[in-house]
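1. return a 3D structure for these sequence lines:
(one chain, ligands or ions: 1)
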Amino acid sequence: MQPLVRRGWLFHLLVAALFLASCGSDGEPTEERARLSRFDAQVKVLLERMTLGEKLGQMTQAEIDKLVSLEEISELSLGSLLNGGDADPKEGNSVEAWARMYDEAQRAALASRLGIPLLYGVDAVHGHSNVVGAVIFPHNIGLGCTRNAALVEEIAHVTAKEMRATGVHWTFAPVLAVARDERWGRTYESFSENPQLVAELASAAVRGFQRGGLAHPEAVLATAKHFLADGGTQFGTSTPPLMLIDQGDARIDEGELRAIHLLPYRQAVAAGVGSIMASYSSWNGTKIHAHHDLLTGVLKNELGFEGFVISDYLAIDQLHPDYKEAVRRAITAGVDMGMVAHRYREFISVLQELVWEGSVPVQRIDDAVRRILRVKFAMGLMDRDARLWSNAALQRAVGSPEHRALARRAVRESLVLLKNENRALPLRKDLRRLHLAGVHADNLGYQCGGWTIAWRGGSGRITEGTTILEAVRALVSPATTVTYSFDGSGADGADAVVAVIGERPYAEYIGDRADLSVEPRQVELIRTLARRGTPLVVVLVTGRPLILGEVLELADAVLVVWLPGTEGQGVADVLFGDAAPVGKLSFSWPRSMAQIPINVDDPVYDPLFPFGFGLSYEEGVARR
Ligand code: GLC
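-> The predicted structure is shown next:
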């Protein structure tokens, strides 16, 4: 394959000129990314003291619940730990338990010969979403519909504060995927199908997570993921049997790769993102984790990324049946840290062999460790001061009314009104009787979606929050009777019905679907309710556009709320007119499966609802 980038002296002269141009009047680099290499003098002193084993330990991220004992952290000089989506503290899932777990692990790291602190990461992808009691914000597909970068930045900042309360200071977020095919189970993690919108909102998230600079006690390290073109894979090209499109092959030319999928990374790197996660997927048949031209040539050399690249979870294993060869390919390509979960000893062992036999140059190891240590110095971890530990003063703020108010506002701004006939919305608060139907009306787990408390999310009261039904009951007048049934029974006599339907939680390839039609059982519920003749409002709880079919005709109004998170009040606010619907679709809404993939830049474009569509109450005419 032709090298993606060819760099002569002129290229380097240009880069140097651009760098000098980016410096402020005092010669100080003005961009966060330039400041990371500012720590190289301190890094060099430490690097020269490190043994090969200690360097390889720093390149290793283990999963805490896979450790045999915490002593292994100091024994191996591990550089990082993570809690995957299903790894809770042994003593239970509370803010305090997370804080104790984190502090205990960090203390173990300080007991190593050089006492290099851990980087500790989680998937805080819509709030500190592993932790019971944390505020769960709308998933990115909803935030994309707000078009509000300042709001996205504030959400990331609040998420960072709730994280630092537990000590955890690294989130594997934001997702920079430009999802191009809604059949992908990770569509809801993407802000949009439009690269400019993704770039704008993802950079805002990076700024919010890292607000005040990486050394700020309330900032966390952000991760732009998954580099590159994770959202551009072709349906049917995934290899493992469970997957249909996730981790598949992006069969696109370099022009599309750069214009659609690379653009958000340019802005995230410029915003100073400190880490980047490689994608499980492939580009024209080559796994990204083994793609030197992309990971090193483009990301590190062309974009000038000075932080470190982390692999995805056990993604290295997919590169070759022989683990040692798989590790060689990943590290040589430009992966700096392996997210190797339980394989931490094996990873260190084979990498040691690779260096000893000369298959992996020690310069590559030093480059990887330098990048990791730059971030640790930039975050102030090496100062081993109060910033190293969980912050009890912030624990009161976790799940606070102020944080929940921000989430409620985000919910309101993310909702998109697709239809509103016969003035069905806004509903009156003084109706004599209102009936809510559908299991999604009273299920906190369903409205939070995947990556909430558990990897795949859950059902029912998985954390603290307000369901849509609870929010409606709190908002209507005392004289109004609100009844509920999951199957629509008992709706007779109600002045209006709100049917809440949609998808059940999923994550990653679990959510890959060949058919996005509304479930037949839910269509039947809407048919039954529509026959009653009173106003029928359909609320969609979904991680992506669905094929609506007759649901659109049968409903007087259709409001899509995406995966709103714990603050169901935001939905009630729009249902009853306390907040007008302002959301604009961040994805094209297809008429049928035959149209998918469908994107706003397609040469022929005829969606049911176009990218950017969203009604106000007054515009109540649905497009046919
Ligand atoms: C997962 C995801 C990635 C996540 C990582 C750690 O497989 O692909 O987005 O950050 O593992 O949970």
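
2. isn't there a helix covering Ala224?
-> No. The assignment for Ala224, made by DSSP: H, G, I helix; E, B strand; the rest coil, is strand rather than a helix.

3. confidence score at the closest residue to it other than its chain neighbours?
-> Sequence neighbours aside, Ala268 is the residue nearest to Ala224 in space, at 4.2 Å (criterion: C-beta to C-beta, 6 or more residues apart in numbering). C-betas here are computed from N, CA, C, even on glycine. Ala268 is assigned a predicted lDDT (pLDDT) of 98.

4. what sits up against stretch 206-213?
-> Identification of contacts with stretch 206-213 by C-beta atoms under 8 Å, 6 or more residues apart in numbering yields 32, 152-157, 159-160, 171, 173-174, 216, 218-222, 224, 268, 271-274, 378.

5. alpha carbons of it, as PDB, please.
-> Taking only C-alpha atoms (Å, rounded to 0.1, in the frame of the first residue of the first chain), the coordinates of stretch 206-213 have been written out as PDB:
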ATOM      1  CA  VAL A 206     -12.400  17.600  25.300                       C
ATOM      2  CA  ARG A 207     -12.200  21.100  26.500                       C
ATOM      3  CA  GLY A 208     -14.800  20.400  29.200                       C
ATOM      4  CA  PHE A 209     -13.100  17.200  30.400                       C
ATOM      5  CA  GLN A 210      -9.700  18.900  30.500                       C
ATOM      6  CA  ARG A 211     -10.900  22.300  31.600                       C
ATOM      7  CA  GLY A 212      -8.200  24.400  33.400                       C
ATOM      8  CA  GLY A 213      -5.500  22.200  31.900                       C
END
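
6. buried stuff in it?
-> Val206, Arg207, Gly208, Phe209, Gln210, Arg211 (16 or more other C-beta atoms under 10 Å).

7. same question for stretch 246-259.
-> For stretch 246-259, by 16+ other C-beta under 10 Å, it's Asp246, Gln247, Gly248, Asp249, Ala250, Ile252, Glu256, Leu257, Arg258.

8. distance of the first one from the ligand?
-> Shown here: Asp246 relative to the ligand, a distance of 9 Å by C-beta to the nearest ligand atom, to the nearest Å.

9. residues near the residue of the stretch 351-500 of the chain found nearest the ligand, how many?
-> With C-beta to the nearest ligand atom as the measure, Trp455 is the residue of the stretch 351-500 of the chain nearest to the ligand, at 7.3 Å. When counting by other C-beta atoms under 10 Å, one arrives at 19 neighbours for Trp455.

10. count of neighbours near the residue in the stretch 501-624 of the chain positioned nearest to the ligand?
-> With C-beta to the nearest ligand atom, the shortest gap between the stretch 501-624 of the chain and the ligand falls at Glu508, namely 6.0 Å. Other residues lying near Glu508 total 21 when counted by other C-beta under 10 Å.

11. surely the residue nearest to Ala224 touches Thr223?
-> No. The pair Ala268 / Thr223 is not scored as a contact, 9.5 Å apart, by C-beta atoms under 8 Å.

12. quickly list what's touching both of those two.
-> With C-beta under 8 Å, 6+ apart, Ala268 and Thr223 have common neighbours Pro174, Ile276.

13. still on that earlier bit, pretty sure the residue of the stretch 351-500 of the chain closest to the ligand contacts Asn83?
-> No. Trp455 is beyond contact range of Asn83, at 10.6 Å (criterion: C-beta under 8 Å).

14. could you find the closest non-adjacent residue to Ala62?
-> In space, Ala62 is closest to Tyr344, 4.0 Å off (C-beta to C-beta, 6+ apart).
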